[in-house]
Structure formats: structure tokens, C-alpha cells
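S.K.: I would like the atomic coordinates for the input below:
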Amino acid sequence: MNPLAVLGGLGRAVLSMLANFGKVGIFALDAISHIFRPPYYPREFAVALMNVGWLSLPVVGLTAIFTGGALALQIYAGGARFNAEAVVPQIVAIGMVRELGPVLVGLMIAARVTSSIAAEIATMKVTEQIDALVTLSTHPMKYLTAPRVLAALITVPLLVGIGDVIGIAGGYVVATQNLGFNAATYLQNTVNFLETKDIVSSLVKGAAFGLIAAIMGCYYGMNSGRGAQGVGRATKSSVESAAIMILAANFILTGVFFSV
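M.R.: Below you'll find the model as predicted:
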């Protein structure tokens, strides 16, 4: 195999990746800028709030409560090896608030909301509804993207906060009903252990993950190919990209908040 051909292929792949990052970055800046510029579409914003926030509550709640319960069981079983079973409330609280709550909510939003946004906008592109908006002097970025991005930016941190509480509650139920913990002591240990920085980091992560999820859905929807295959590829790519970027953003934000 020709080494130059290998290097050339690697170089093209890197340049393509950088070009895609640049396109997504420009799209994100454009979408955010349209949030602050009139005209505004309150009806589209209200619909996006309902779809992103309220309708995501069931999956977020179920994911959080089972995760919190399983986390309590795992920590108790692991702590029993070192006679450290008493740390269950503290570790459940910090694990849910710092990491598992924001990440799992972000991934659920990527699976549910990002895919929905990408499929909806891609279908509108295929059926030439976006062209019709342009014909009617309506900017697609302002009408389709800005309301969804703003709705995700507002609602996902709220979902993360709710998920944190439900996850801690799941751990509390398992610990007090199955593992023999005192209810009052468990709650007191949870409250005493959490710090303001933990809660702030959780909400900031939620806002970042919501922004990523909405932008990825809108970007791939707007840039989808024609036909049913184009819609399918856009939906799949949007979820994959959103999930990877959420995990990468989680690593970066964790380093920012908790680096020694």
C-alpha cells in the first residue's frame, strides 16, 4: 500500500471533519442570533416548549427513578466489601446531580427530541415546505430553528433538575425500604453533602445539552438529502452526533467545574 495514498486519505478525512465542525459552528451561531432578533413566533415557541419539555417528562422520570434505585443497590453492594455501606446517600446524591442526571437526561432528549426535530424539518425540506416559507418571506431559521433552540435551552435544565430529584428519590426509596436506612438520616446526609456548585454544574450541563440536542436536530434536518432515505439518514446522523457531542461536552464541563 502506498504510504502517500494512506496519508492523503487521512488528510482528506481530517479536513472533511474540520469542515463539518465549521459548518455546525456557523449554523449554531446563526440559530442563536435569530433568537434575539424579531420577528418572533410565540405559537411555534409554545409548541416547542410542549414537545421538548412537558412531553419528555415521562421518559425522563422513569429513567431517573430506575437509575437512582439501581445506583443505591450498586453502591451498597460495593461499599459492603469495605464496610462503607453508610456512604450510599452521599454517593447517590453526587452521582445523580453531577453526572448521571444531566447525562441521561441529555441522551434521552437526544433520542426523543433531536430525532423528532430532524425528521420533521427534513420532511418539510423533502416536501418543499421550507421553500414555501421562503416564498412567503419567512426565514426558515427564525421560524423553525430559533423557537426549538430556545425551548430546549429553557426546558432541558428544568428536566435535569427534575431528573436529579427523582433519581435521588429512587435511591431513597430503595435504601429505606430494602437496605434498612433510616429515612430522616438518609435525607439529612443527602442535603448536607450536596454543594451549590454541584447543582449549578448540573443545570449548566442541562442547558448545554439542550442546546446541542436542538441544534443537531435542526442542522441535519435543514441539510438532509432528498427522498425518504435522506430523511432517514438525517435522523440517524442527528442522534449520533448529538449523543457524541453531549458526552464530549459533559467531559469538558466536568473538567471546568471540578478540576483540581
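S.K.: please, which helix or strand holds the spatially most central residue of the chain?
M.R.: Nearest to the geometric centre of the chain sits Gly106, at 2.3 Å (Cα atoms, centre = their mean). In this structure, Gly106 is located in helix 101-109 according to DSSP states H and E.
S.K.: then that helix to CSV, C-alphas only?
M.R.: C-alpha atoms of helix 101-109 as CSV (Å, rounded to 0.1, in the frame of the first residue of the first chain):
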residue,chain,number,x,y,z
GLY,A,101,-28.8,13.0,35.9
PRO,A,102,-27.6,15.5,33.3
VAL,A,103,-26.0,12.9,31.0
LEU,A,104,-29.0,10.5,31.0
VAL,A,105,-31.5,13.4,30.5
GLY,A,106,-29.3,14.7,27.7
LEU,A,107,-29.2,11.3,26.0
MET,A,108,-32.9,10.8,26.4
ILE,A,109,-33.5,14.3,24.8
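S.K.: give me the helices and strands touching that helix, please.
M.R.: The contact analysis (3 or more Cβ pairs under 8 Å, 6 or more residues apart in numbering; DSSP states H and E) places helix 101-109 against helix 57-80, helix 146-177, helix 196-222, helix 227-258. All C-beta atoms are positioned from the backbone trio N, CA, C, and that covers glycine.
S.K.: in CSV, list the ones you listed along with distance to Val87 and mean neighbour count.
M.R.: Converted to CSV, these look like this (distance: least, Cβ to Cβ, whole Å; neighbours: other Cβ atoms under 10 Å):
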stretch, distance to Val87, mean neighbour count
helix 57-80, 6, 18
helix 146-177, 11, 23
helix 196-222, 16, 23
helix 227-258, 18, 17
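S.K.: now the helix holding Gly106: average pLDDT?
M.R.: For helix 101-109, the mean pLDDT works out to 95.
S.K.: tell me the predicted confidence for the nearest residue to Ala111 once chain neighbours are set aside.
M.R.: Once flanking residues are discounted, Ala111 sits nearest to Val239: 6.2 Å by Cβ to Cβ, 6 or more residues apart in numbering. pLDDT recorded at Val239 is 95.
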